[in-house]
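Asker: Any chance you can model this:
(2 chains)
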Amino acid sequence: MDHREALIAASNNRANLNYVAPGIEVQGLSLTYPDEPNALIDINLSIPGGEVTAVIGPSGCGKSTLLRCFNRMNDMLEGCQYSGSITLGDLNILDPMTDVTLLRRRVGMVFQQPNPFPMSIYDNVAYGPRIGGLRRRRDLDEVVENALRLAALWDEVKGQLGKNATVLSLGQQQRLVIARAIAVQPEVLLMDEPASSLDPISTLRIEELIYELKQSYTIVIVTHNMQQAARVSDRTAFLNQGQVVEYDATDKIFTNPSQRATEDYITGRYG
Amino acid sequence: MAEGRYDSGDGSVAGRQHISARFSAELEAIKNALLEMGGKTESQINLATRALLNGAGDVAQEVVAMDKDINRMEVDIDEQCARIIARRQPAAFDLRLIISIAKVTTDLERIGDEATRVARMALKSSIREPVRGAESQTMAIAEHGSAMLRRALDAFARLDVDAAVRVLLSAQSAQTDYEEGMVLLQAAISNDPTSLKSCMDQIWALRSLDRVGDHACNVAEQVVYLVTAVDIRHVDEPTLVKLLDSGADT
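Answerer: Numbering: from 1, shown residues only, chains lettered A, B, ... in the order given. Sure, this is the predicted structure:
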């Protein structure tokens, strides 16, 4: 299936009212870097589709590394090796034969710093669909408007789509980046500290957006902000030193975690 | 019962304090304030009972005056709870501690109200004379309620789920005294209708003292919730016995 067909198929899929984005199954995932032999150790996670899963843990615990496994971003790092398996629906993510470009269309990513392309607001959102083969202006207009509406940005930018994206505020830029990510109809949205560079109001807008988007996407968010994890996620995984210490419903993790290490972390204690 | 994850009231264990020492101090302070309030309501009940049985008007007035302190403590503790929630966003044990404290203060304040009610009855001329006809039952119910409260507060201070469950299981043991007291006072009314007003006051006092045990049970339930995160309100006695036998994983 080429990119355009995949885009159309994904769009048709999503049009179904009963559509639920697929989940991610992680089994026995271990990952090593040349200078970090235990970056991830035997990770097993069943991330449900259509829900928000937060990954929390101290700096260097492997949160972002784990997130980057889901769209094979770690492949770009020299000497990075992994074992185990990650599946998204019927797709074996870590299979060397997997088309990484197609994978990244299915698994979008949003980073800490908003990174709009230095082009117009419209072209930022249309960028992915154009690469995917969408050419007709009317189709592109529809995709851009839908994505901007989903990202709760349409009303703020509809009169200035031709303006350079860099004129937007940081919070608007981050929502634009989310619109760009969802314009290619991904099934999964990975978010790596998506609000840590934003002011509190913009942060709340992003959190509200995450809540709205989870109806249609499987969302995995890495955050240092535990209150944010508690606010936005359905399930939370606590990672420490490359291992999953505890993975459970967010309500459980934040009211009665099973593991003492989790409790110490979320209540701000130390040993 | 299994050794607990928590060794003291603020959830801290040796070497496992909050990174924020101020947060630990705030939790310790609010817990201590609650226990102080508990101690005060316990003595309020004991004094009210003494006033009732001995017709001691001065003691009764002391009890009524104490209620203002109890009310002020309730407001202070609730304010501290709100402040900690707003500023610290507590989670897990810390969150349960704040919720439990806020609930327990309500029960303690109501115990204070019951004690005040008993004291006001003691002040009424109709029962300035020592209670006749149900003294031993009144004393037994008061002592039982007061002991339940003391044990529930001890369990709270020590995070002792076993002790809390035992408080709950002991709730029924004052029931016989209560029923006997009621029968005696009803008989007294039948025998001497002119004693109606006095006996009714005594019945209300008996009811108030009996309520102390109910509030102590609520405190004990909060101890179980605080330590185990299991809400045992409204569970039946066989389930409680099972909880005690199985040694709730604390």
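Asker: The residue of the stretch 1-150 of chain A at minimum distance from chain B pairs with what?
Answerer: Nearest residue of the stretch 1-150 of chain A to chain B, counting by CB to the nearest CB: residue A:56, 11.3 Å away. To be clear about C-beta, it is placed using only N, CA and C from the backbone, and glycine gets the same treatment. For residue A:56, the beta-bridge partners under DSSP bridges are residue A:238.
Asker: In chain A, which residue is most central in space?
Answerer: By CA atoms, centre = their mean, the mean C-alpha position of chain A lies nearest to residue A:190, the distance being 1.1 Å.
Asker: who's in contact with residue 233?
Answerer: Unless you meant another one, I'm taking chain A. A:52-54, A:221, A:250 (CB atoms under 8 Å, 6 or more residues apart in numbering or on different chains).
Asker: Please refer instead to chain B.
Answerer: B:218, B:221.
Asker: so how far is chain A from it?
Answerer: According to CB to the nearest CB, to the nearest Å, residue B:233 stands 16 Å off from chain A.
Asker: on that earlier part again, among the contacts of residue A:233, which are in helices?
Answerer: Counting by DSSP state H, the contacts of residue A:233 place residue A:250 in helices.
Asker: ok, now which ones touch residue A:25?
Answerer: Neighbouring residues of residue A:25 by CB under 8 Å, 6+ apart: A:45-47, A:85-87.
Asker: Buried members of the residues you listed into ChimeraX, please.
Answerer: In ChimeraX, a selection of the buried entries from those looks like this (16 or more other CB atoms under 10 Å in any protein chain shown):
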select /A:45,47,86,87
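Asker: Determine which two of the contacts of residue A:25 are furthest apart.
Answerer: Longest distance between any two of the contacts of residue A:25 is 13.5 Å, between A:47 and A:85; criterion CB to CB.
Asker: shared neighbours, those two?
Answerer: With CB under 8 Å, 6+ apart, residue A:47 and residue A:85 have common neighbours A:25-26.
Asker: For chain B, just list every one of the helices.
Answerer: Under DSSP H, chain B gives helices at B:21-54, B:57-88, B:92-123, B:135-158, B:161-169, B:175-191, B:196-228, B:237-246.
Asker: The first one and chain A, are they touching?
Answerer: In other words, helix B:21-54. Yes - on the criterion CB under 8 Å from any CB of the partner chain, helix B:21-54 is in touch with chain A at residue B:23.
Asker: which residues touch the residue nearest the centre of chain B?
Answerer: Centroid check for chain B by CA atoms, centre = their mean gives residue B:216 as the closest residue, at 3.5 Å. Applying CB under 8 Å, 6+ apart to residue B:216 gives the contacts B:107, B:111, B:145, B:148-149, B:151-152, B:167.
Asker: cutoff 6 Å now
Answerer: When contacts are counted by CB atoms under 6 Å, 6 or more residues apart in numbering or on different chains, residue B:216 touches B:148-149, B:152.
Asker: which of those residues tops the neighbour count?
Answerer: residue B:152 (28 neighbours; other CB atoms under 10 Å in any protein chain shown).
Asker: Would you list the phi and psi of residue A:41?
Answerer: Main-chain dihedrals, residue A:41, degrees, to the nearest 10: phi -130, psi 110.
Asker: Now do the same contact list for it.
Answerer: Residues near residue A:41 by CB under 6 Å, 6+ apart: A:30, A:242-243.
Asker: now do 8 Å
Answerer: Residue A:41 is in contact with A:30, A:241-243, counting by CB under 8 Å, 6+ apart.
Asker: export those to TSV and tack on distance to residue B:183 and neighbour count?
Answerer: TSV is the format used below for these (distance: CB to CB, whole Å; neighbours: other CB atoms under 10 Å in any protein chain shown):
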residue	distance to residue B:183	neighbour count
A:30	74	17
A:241	68	15
A:242	71	22
A:243	66	16
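Asker: of those residues, list those near chain B.
Answerer: Filtering the contacts of residue A:41 for proximity to chain B by CB under 8 Å from any CB leaves nothing.
Asker: Would you mind listing the two of those residues that lie farthest apart?
Answerer: That would be A:30 and A:241, which, of these, are the farthest apart (CB to CB) at 12.9 Å.
Asker: Low-confidence bits of the chain, can you list those?
Answerer: With no chain named, the answer covers chain A. For chain A, the stretches with pLDDT under 70 are A:1-4, A:270-271.
Asker: my bad, the chain I had in mind was chain B
Answerer: Ranges of chain B meeting pLDDT under 70: B:1-5, B:7-15, B:125-132, B:247-250.
Asker: Smallest gap between it and chain A, at which residue?
Answerer: Nearest residue of chain B to chain A: residue B:229, at 3.4 Å (CB to the nearest CB).
Asker: Number of residues surrounding the residue nearest to that residue when sequence neighbours are not counted?
Answerer: Nearest residue to residue B:229 in three dimensions, chain neighbours excluded: residue A:256, at 3.4 Å (CB to CB, 6 or more residues apart in numbering or on different chains). For residue A:256, the count of nearby residues is 19 (other CB under 10 Å).
Asker: residues in chain A within reach of chain B, list them.
Answerer: A:226-227, A:230, A:254-257, A:260, A:263-264, A:266-271.
Asker: The residue of the stretch 151-271 of chain A found nearest chain B and residue A:181, how far apart?
Answerer: Of all residues in the stretch 151-271 of chain A, the one sitting closest to chain B is residue A:256 (3.4 Å; CB to the nearest CB). Distance, residue A:256 to residue A:181, by CB to CB, to the nearest Å: 35 Å.
Asker: then stretch A:114-133 to PDB, C-alphas only?
Answerer: Only the C-alpha atoms of stretch A:114-133 are listed here, as PDB (Å, rounded to 0.1, in the frame of the first residue of the first chain):
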ATOM      1  CA  PRO A 114       7.000  23.500  19.100                       C
ATOM      2  CA  ASN A 115       8.800  23.000  15.800                       C
ATOM      3  CA  PRO A 116       6.600  24.500  13.000                       C
ATOM      4  CA  PHE A 117       8.200  24.500   9.600                       C
ATOM      5  CA  PRO A 118       9.200  28.000   8.400                       C
ATOM      6  CA  MET A 119       6.300  28.200   6.000                       C
ATOM      7  CA  SER A 120       2.700  29.300   6.200                       C
ATOM      8  CA  ILE A 121       0.200  27.900   8.700                       C
ATOM      9  CA  TYR A 122      -1.700  26.200   5.800                       C
ATOM     10  CA  ASP A 123       1.400  24.700   4.300                       C
ATOM     11  CA  ASN A 124       2.500  23.300   7.700                       C
ATOM     12  CA  VAL A 125      -0.700  21.300   8.000                       C
ATOM     13  CA  ALA A 126      -0.800  20.400   4.300                       C
ATOM     14  CA  TYR A 127       2.800  19.300   4.300                       C
ATOM     15  CA  GLY A 128       2.200  15.600   5.300                       C
ATOM     16  CA  PRO A 129      -0.900  15.000   3.200                       C
ATOM     17  CA  ARG A 130       0.900  16.500   0.100                       C
ATOM     18  CA  ILE A 131       3.900  14.200   0.700                       C
ATOM     19  CA  GLY A 132       1.300  11.400   1.000                       C
ATOM     20  CA  GLY A 133       0.000  12.300  -2.500                       C
END
